[in-house]
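1. okay, here's the prediction I keep looking at, along with the sequence it came from:
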Amino acid sequence: MSETAVSSDPVAVVASPSDAAPILRIRGVGKVFGSGPAATVALHDVDLDVARGEFLSVVGASGCGKSTLLNLIAGLDKPTSGTLEVGAKVAFMFQDATLLPWLTARQNIELALKLSGVAKRDRRARAEDLLATVRLDGRGDSRPHELSGGMRQRVALARCLAQDAGIVLMDEPLGALDAMTRDLLHDEIESVVRAQGLTVVFVTHNMREAIRLGDRVVLMGSHPGRILYDEDIPLPHPRQMDSTEVATRAASLTARLKAQGHTHVG
Amino acid sequence: MSADVLTPNVEVAAEAPRGSGFGRKAWAWGWPKLLAIGLVLAFWQVVYVSGWRPAYVLPSPATTLSKLWDMLGTERFWSAMQTTLTRAIIGFLLALLIGTIIGVLVARVRPLRLAVGSLITGLQTMPSIAWFPFAILLFGLTEQAILFVVILGAAPSIANGVINGIDHIPPSYLRLGKVLGAGTIALYRDIALPAAMPGYLAGLTQGWAFAWRSLMAGELLVIIAEKPSLGANLEFARQFSKAPELLATMLVILILGMLVDGLFSSFSRRLRRRRGLAVD
Ligand SMILES: Nc1ncnc2c1ncn2[C@@H]1O[C@H](COP(=O)(O)OP(=O)(O)OP(=O)(O)O)[C@@H](O)[C@H]1O
Ligand SMILES: [Mg+2]
């Protein structure tokens, strides 16, 4: 990562979660799709604060409104009720990476730089820096379909960093990867996120993954989509997916979800 | 001194593999076509030798090819070629412009889509030759009559290509564009346009095929005095029973159509391969 990228980031100050004003404040947010008898209440009365520099994991069964929540935070959709205060630029990492197939890996990153207002002459060097950050040096000229799933997610991560955003939303970005690649990417996500003091909302189905990465874990339930439980994870970083502390906490949080009748979470 | 001696060698060494790579590609591309041509000529020769039709109606491949060779040396042929190609290019470009504008409007404006969407597909099924009597009534035996039908033949396919291209933009790309902070212009330029390209190119390929057919029909029907064209040459060759000239002109029309079509499909293949899409 280049020096300038860090220092030009207005929210790159690493702060401890407790003493900073929330960068993300969600109050009474509801989202209803459709109307009349066919309406789906995707979210109901959601309150959530996320502190600057915090890594928040969100876990919940399929259809409980996790993606909907991220879309609202990103401004891709409007809430039906309630308010969202988003205190920084938002980047989004999608489940399927969503790299543009007509661009090379480097050009995908350069597009993000361009749309963030980086001058043309600086883009190439910045993109190379970012590729190095996600350990893809030398793969810049590859097209997305020539990369493995893990590499594609690395490019997507680099593209998030290129946006120079303060908040990064990740919607099950590693769901489709094998366990070993996922472990590697956990390390990489954790290190770049901490190096830049980013605030992250990380959605996953995998309770261990949520605990491996999160400073805090939020459990969501469905019908209607809502927040069931909120817990700080005070374990020191970096953590291991298969450590006993992570396993124990995962078991107790999974039990909590099950007690509410929400299964289907691994 | 030594550099002077070395330079040519280096160039040769660098060029040789590229040259042979290209040669191999050209061969891989060309041999099925050469085989097809060989088969057609062989079949033609067999029919000719069988005496099914007299030679002044159905000349041998050799006679036809030598006539073709002679034709290539005449000014009249090249002026006919020029007329036809000019019409094809102008007609296609106008169809491109009109088809693209209509396509974008229909894809983006909902009421227009409901009203005009199925009409465009309907127009596509209309044989363009059926337009000519009407075109001649409207414009007389003029260039405009020909252009009119060429455009009517090609524009619906192009418009449909645009509509298909836009309809098949994955919504996730547009979401990505918004997340990256793209405004309306950037969203079109950097995301929507390139994403719609495969469908658009397919529309252009089909549009060209229709334009070329409509043009040939038009040149047969709308013969303008003192203006030789490939289509008019066909008609004259028939009237004066010049069978070798007729067949030679047909060969030229076939080859031109195939060349341009090959150009379009090679564009399309390259684009699909670069995006990791299935190449048929
Ligand atoms: N555009 C939409 N139109 C109608 N209903 C929608 C729309 N988007 C989401 N929903 C509904 O809202 C609910 C929440 O969907 P959402 O995609 O947020 O779930 P999720 O928690 O992300 O699930 P998953 O873990 O499977 O991704 C679901 O019942 C879904 O059917
Ligand atoms: Mg989802």
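-> Yep, that arrived. Ligands and ions are numbered 1, 2, ... in the order given.
2. what about the helices in the chain?
-> I'll assume chain A. A:3-7, A:66-74, A:105-115, A:120-133, A:149-162, A:179-195, A:207-213, A:244-259 (DSSP state H).
3. my question was about chain B, not that one.
-> B:2-50, B:61-72, B:75-108, B:110-125, B:132-139, B:143-167, B:171-179, B:184-186, B:193-221, B:230-239, B:243-274.
4. now the second one: average pLDDT?
-> In other words, helix B:61-72. Averaging pLDDT along helix B:61-72 gives 95.
5. which residues of chain B lie near ligand 1?
-> Taking C-beta under 6 Å from any ligand atom, no part of chain B reaches ligand 1. Heads up, the C-betas are built off the backbone N, CA and C, glycines and all.
6. could you pick out the residues of chain B near chain A for me?
-> Proximity of chain B to chain A, by C-beta under 8 Å from any C-beta of the partner chain, involves residues B:172-173, B:175-176, B:178-182, B:186, B:190-191, B:194-195, B:197, B:271, B:274-277.
7. how close does residue B:33 get to chain A?
-> 29 Å (C-beta to the nearest C-beta, to the nearest Å).
8. that older thread, between the helices of chain B, which one is closest to residue A:62.
-> Closest approach to residue A:62 among the helices of chain B (C-beta to C-beta): helix B:171-179, 18.3 Å.
9. closest point of the stretch 51-200 of chain A to chain B, which residue?
-> Closest to chain B within the stretch 51-200 of chain A is residue A:145: 2.5 Å, counting by C-beta to the nearest C-beta.
10. so for the residue nearest to that residue when sequence neighbours are not counted, what pLDDT did the model give?
-> Nearest residue to residue A:145, sequence neighbours excluded (C-beta to C-beta, 6 or more residues apart in numbering or on different chains): residue B:276, at 2.5 Å. On the pLDDT scale, residue B:276 is placed at 87.
11. also residue A:16?
-> 48.
12. and stretch A:119-131, what's buried?
-> A:123, A:126-131 (16 or more other C-beta atoms under 10 Å in any protein chain shown).
13. show me the contact partners of that stretch.
-> Applying C-beta atoms under 8 Å, 6 or more residues apart in numbering or on different chains, the external contacts of stretch A:119-131 come out as A:1-2, A:5, A:105-106, A:109-110, A:113-114, A:118, A:137, A:139-140, A:155, A:158-159, A:161-162.
14. how about stretch B:43-58?
-> Residues contacting stretch B:43-58 (C-beta under 8 Å, 6+ apart): B:59-61, B:63, B:241, B:243.
15. turn those residues into JSON lines, columns for distance to residue B:30.
-> Putting those into JSON lines (distance: C-beta to C-beta, whole Å) gives the following:
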{"residue": "B:59", "distance to residue B:30": "27"}
{"residue": "B:60", "distance to residue B:30": "25"}
{"residue": "B:61", "distance to residue B:30": "20"}
{"residue": "B:63", "distance to residue B:30": "26"}
{"residue": "B:241", "distance to residue B:30": "35"}
{"residue": "B:243", "distance to residue B:30": "29"}
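16. so which of those wins on neighbours?
-> residue B:59 (23 neighbours; other C-beta atoms under 10 Å in any protein chain shown).
17. so which residues on the stretch 101-250 of chain A come close to chain B?
-> A:101-102, A:111-112, A:114-116, A:143-146, A:163.
18. which of these count as buried?
-> A:101-102, A:111-112, A:114-116, A:143-144, A:163.
19. and ligand 1, which of these contact it?
-> Okay, of these, nothing touches ligand 1 (C-beta under 6 Å from any ligand atom).
20. could you dump these to JSON lines with distance to residue B:53?
-> As requested, those are exported to JSON lines (distance: C-beta to C-beta, whole Å):
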{"residue": "A:101", "distance to residue B:53": "54"}
{"residue": "A:102", "distance to residue B:53": "53"}
{"residue": "A:111", "distance to residue B:53": "63"}
{"residue": "A:112", "distance to residue B:53": "68"}
{"residue": "A:114", "distance to residue B:53": "66"}
{"residue": "A:115", "distance to residue B:53": "68"}
{"residue": "A:116", "distance to residue B:53": "73"}
{"residue": "A:143", "distance to residue B:53": "55"}
{"residue": "A:144", "distance to residue B:53": "58"}
{"residue": "A:163", "distance to residue B:53": "73"}
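21. max pairwise distance over those: which two?
-> A:116 and A:143, at 22.6 Å, using C-beta to C-beta across those.
22. could you count how many residues lie near residue B:226?
-> 4.
23. before we move on, what about residue B:272?
-> 17.
24. what's the distance between the residue nearest to it when sequence neighbours are not counted and residue A:36?
-> Ranked by C-beta to C-beta, 6+ apart and with sequence neighbours excluded, the top spatial neighbour of residue B:272 is residue B:279, at 5.1 Å. Counting by C-beta to C-beta, to the nearest Å, the gap from residue B:279 to residue A:36 is 47 Å.
25. same thing with residue A:200?
-> Residue A:200 is 37 Å from residue A:36, by C-beta to C-beta.
26. higher neighbour count, the two?
-> Neighbour comparison, residue A:200 and residue A:36: the larger count goes to residue A:200, with 24 against 5 (by other C-beta under 10 Å).
27. who does the more buried one bridge with?
-> Residue A:200 has these beta-bridge partners by DSSP bridges: residue A:55, residue A:168.
28. quick one, what contacts it?
-> Contacts of residue A:200 by C-beta under 8 Å, 6+ apart are A:54-56, A:167-170, A:189, A:193, A:213.
29. contact partners for the nearest residue to residue A:141 once chain neighbours are set aside?
-> Closest residue to residue A:141 apart from its sequence neighbours, by C-beta to C-beta, 6+ apart: residue A:104 at 5.2 Å. Residues in contact with residue A:104, defined by C-beta under 8 Å, 6+ apart, are A:140-143.
30. if we go to 10 Å?
-> Residue A:104 makes contact with A:110, A:127, A:139-144, A:146-147, A:155, B:274, according to C-beta atoms under 10 Å, 6 or more residues apart in numbering or on different chains.
31. just residue B:163 next, same as before
-> Applying C-beta under 10 Å, 6+ apart, the residues near residue B:163 are B:99, B:102-108, B:113, B:116-117, B:120-121, B:196, B:199-200, B:203.
32. the same query, at a cut-off of 7 Å, please.
-> Contact analysis of residue B:163 by C-beta atoms under 7 Å, 6 or more residues apart in numbering or on different chains lists B:103, B:106-107.
33. what's the burial count for residue A:195?
-> 14.
34. touching stretch A:66-80 from outside, list them.
-> Contacts for stretch A:66-80 (C-beta under 7 Å, 6+ apart): A:24, A:29-32, A:42-43, A:46, A:58, A:60, A:84, A:86, A:90, A:92, A:169, A:171, A:201, A:203, A:220, A:225, B:175, B:178-179.
35. can you list which of those are found in strands?
-> Cross-referencing the contacts of stretch A:66-80 against strands under DSSP state E gives A:24, A:29-32, A:42-43, A:46, A:58, A:60, A:84, A:86, A:90, A:92, A:169, A:171, A:201, A:203, A:220.
36. so what's the residue count around residue 176?
-> You didn't pick a chain, so chain A it is. Other residues close to residue A:176 by other C-beta under 10 Å number 15.
37. nope, chain B please
-> By other C-beta under 10 Å, neighbour count at residue B:176 equals 24.
38. show the model's pLDDT score for it.
-> 96.
39. that one reaches residue A:97, doesn't it?
-> No: if you go by C-beta atoms under 7 Å, residue B:176 and residue A:97 don't touch, sitting 9.9 Å apart.
40. so who does the closest residue to ligand 1 within the stretch 101-250 of chain A touch?
-> Closest approach between the stretch 101-250 of chain A and ligand 1, counting by C-beta to the nearest ligand atom: residue A:225, at 5.7 Å. Residues near residue A:225 by C-beta under 7 Å, 6+ apart: A:41-44, A:64-65, A:68.
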